[in-house]
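Novice: Predicted coordinates and the sequence they were generated for:
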There are 2 protein chains.
Amino acid sequence: MGRPRTPLLDRERITTTALRLIDETGDFSVPAIARRLGAQTGSVYHHVDGRDGIVELLRERVCAAIDPATLELTPWDAAVEAWARSYRAAFAAHPRAIPLLMTSPVRAPRVLEQYERAVGVLLAAGFEQAEIMPLVIALENLVLGSALDLAAPETMWELTDRVPTPRLAQALAAVGDGRADRAFEVGLTAFLNHARALRAERGRGR
Amino acid sequence: MGRPRTPLLDRERITTTALRLIDETGDFSVPAIARRLGAQTGSVYHHVDGRDGIVELLRERVCAAIDPATLELTPWDAAVEAWARSYRAAFAAHPRAIPLLMTSPVRAPRVLEQYERAVGVLLAAGFEQAEIMPLVIALENLVLGSALDLAAPETMWELTDRVPTPRLAQALAAVGDGRADRAFEVGLTAFLNHARALRAERGRGR
């Protein structure tokens, strides 16, 4: 008989299937993965560390699209800016995974390493220990909120004759296409300017 | 016989049931609402304008918790700050509704009216037409990203001996409790400072 050349189940295929289910339906379940792969639910559990293990495989998969070279850039604010843009693009490809990944603890080793490097960039730039995680998380909120927004319809506000909204209509007409990208630029500029100002204060304190 | 004093189905009860399903499972369906209310699926459709109609009822319900008095405050940046805080609290009560509401078009009249008022605050403050929606959306990305973060576990990074992350460990120890609130403050301060600086530029241009 021999073994099939492509194994029916492996972590890669389980991860791909879970991500497809999330892209299509907003969630995944181990039985649904098994059905898609024509396998028994128990066989899936044989390959992964439970549902939580699949969530971490998903996190590694989505975060693998974040360019690691961004965090090597100098100066520190160029690194942070490039990381934020790459981070947004990675999650914008899978917006429906955002709520799941934002609300389960980070355990994936490669993703923890990425946080270690991001923290290292801010430490080396001179920020204080206690302000580093608030900065990282504020940037993530902006990046992930904005990645979710990329999944919104282009016409997000459907005006109606039932309520007069002349100022909203004018503001929408003035912004035209690409509102999501322009909003991200506003948020990112605001964040970077604030971080630069904070760092300048630290410098003066020494 | 007479009619029952509390009708089995009405828009309020359908909305409440849909919101409970989202809070519990992350999504809702019309058949699931019907099952919960002991009604036929067709009877639910009799009361609402389809699934999209229920989404708009949900939007009105969640947004009704945003204090409308915030947008009456002066000066404009006090209004924007208070609105953002109230907006975050309203959505933090239903974080699993955020992806659904962020990715379907806004049609609810009372919510459109709220955008009309927010746009009015920024217009009156002197911002240019084309920069108003990017500012509003950037603020929403921050508010909703941060509301989702409030649903994250308190221990969001589970460090492991398998990968050394000493700087991340120190940064996490330094921030302690309340990291989500501190990150929101960083983001909100950054946004408000940026908006104030933009407005000052506009003022100089006249």
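Specialist: Thanks, I have it.

Novice: just the strands in chain A please.
Specialist: When assigned using DSSP state E, chain A turns out to have no strands.

Novice: in the longest helix along chain A, what counts as buried?
Specialist: The helix that spans the most residues within chain A, counting by DSSP state H, is helix A:179-204. Under the neighbour-count criterion of 16 or more other Cβ atoms under 10 Å in any protein chain shown, helix A:179-204 has A:179-180, A:182-184, A:186-192, A:194-195, A:198-199 buried. Using the backbone N, CA and C atoms, a C-beta is placed for each residue, glycine as well.

Novice: same check, this time on stretch A:143-152
Specialist: Using 16+ other Cβ under 10 Å as the test for burial, stretch A:143-152 gives A:143-152.

Novice: Go ahead and name everything in contact with stretch A:66-75.
Specialist: With Cβ atoms under 8 Å, 6 or more residues apart in numbering or on different chains as the test, stretch A:66-75 has contacts from A:79, A:82-83, A:85-87, A:90, A:114, A:117-118, A:121, A:125.

Novice: For these, give me CSV that also has pLDDT and distance to A:Ile14.
Specialist: Output for those, formatted as CSV (pLDDT from 0 to 100; distance: Cβ to Cβ, whole Å):
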residue, pLDDT, distance to A:Ile14
A:Ala79, 98, 33
A:Ala82, 98, 32
A:Trp83, 98, 28
A:Arg85, 98, 30
A:Ser86, 98, 26
A:Tyr87, 98, 24
A:Ala90, 97, 20
A:Gln114, 96, 22
A:Arg117, 97, 28
A:Ala118, 98, 28
A:Val121, 98, 33
A:Ala125, 96, 39
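
Novice: ok, and of those residues, which contact chain B?
Specialist: Among the contacts of stretch A:66-75, no residue lies close to chain B (Cβ under 8 Å from any Cβ of the partner chain).

Novice: so which of the buried residues of stretch A:143-152 comes closest to chain B?
Specialist: Distance to chain B, by Cβ to the nearest Cβ, is smallest for A:Gly145 among the buried residues of stretch A:143-152, at 3.0 Å.

Novice: Could you find the closest non-adjacent residue to the residue most central in space within chain A?
Specialist: When Cα atoms, centre = their mean is applied to chain A, the residue found nearest the centroid is A:Phe91 (3.9 Å). Nearest residue to A:Phe91, sequence neighbours excluded (Cβ to Cβ, 6 or more residues apart in numbering or on different chains): A:Ala147, at 4.0 Å.

Novice: Next up, the contacts around that neighbour.
Specialist: Counting by Cβ under 8 Å, 6+ apart, A:Ala147 makes contact with A:88, A:91-92, A:95, A:98.

Novice: where along chain A do the helices fall?
Specialist: Using DSSP H, helices in chain A cover A:11-25, A:30-37, A:41-47, A:50-63, A:76-92, A:98-102, A:109-125, A:129-149, A:166-175, A:179-204.

Novice: counting contacts, what elements does the second one pack onto?
Specialist: Under the contact definition 3 or more Cβ pairs under 8 Å, 6 or more residues apart in numbering or on different chains; DSSP states H and E, helix A:30-37 sits against helix A:11-25, helix A:41-47, helix A:50-63.

Novice: how about a cut-off of 7 Å?
Specialist: The contact analysis (3 or more Cβ pairs under 7 Å, 6 or more residues apart in numbering or on different chains; DSSP states H and E) places helix A:30-37 against helix A:11-25, helix A:41-47.

Novice: which of those is buried the deepest?
Specialist: Compared across the helices and strands packed on helix A:30-37, helix A:11-25 shows the largest average neighbour count, a mean of 18 (mean count of other Cβ atoms under 10 Å in any protein chain shown).

Novice: can you list contacts of that helix?
Specialist: A:28, A:32-33, A:36-37, A:44, A:47-48, A:54, A:57-58, A:61, A:94, A:96-97, A:100 (Cβ atoms under 7 Å, 6 or more residues apart in numbering or on different chains).

Novice: go on, stretch A:156-174?
Specialist: With Cβ under 7 Å, 6+ apart as the test, stretch A:156-174 has contacts from B:105-107, B:109, B:112-113, B:115-116, B:119-120, B:123, B:129-130, B:132-133.

Novice: Mind doing that once more with 8 Å?
Specialist: With contacts defined as Cβ under 8 Å, 6+ apart, stretch A:156-174 is touched by A:179, B:105-107, B:109-110, B:112-113, B:115-116, B:119-120, B:123, B:128-130, B:132-133, B:136.

Novice: Could you identify the buried members of these?
Specialist: Buried subset of those (neighbour count, 16+ other Cβ under 10 Å): A:179, B:106-107, B:112, B:115-116, B:119-120, B:123, B:129, B:132-133, B:136.

Novice: Okay, now the unreliable bits of chain A?
Specialist: Scanning chain A for pLDDT under 70 picks out the ranges A:1-8, A:204-206.

Novice: ok so, going back, quick check, the longest helix of chain A touching chain B?
Specialist: Yes. Residues of helix A:179-204 are located near chain B by Cβ under 8 Å from any Cβ, namely A:179-180, A:182-187, A:189-191, A:193-195, A:197.

Novice: ok so, going back, which one of the buried residues of helix A:179-204 is nearest to B:Val175?
Specialist: Within these, proximity to B:Val175 (Cβ to Cβ) peaks at A:Leu198, which comes in at 14.7 Å.

Novice: Quick one: residues contacting the closest one.
Specialist: So A:Leu198 contacts A:127, A:131, A:135 (Cβ under 8 Å, 6+ apart).
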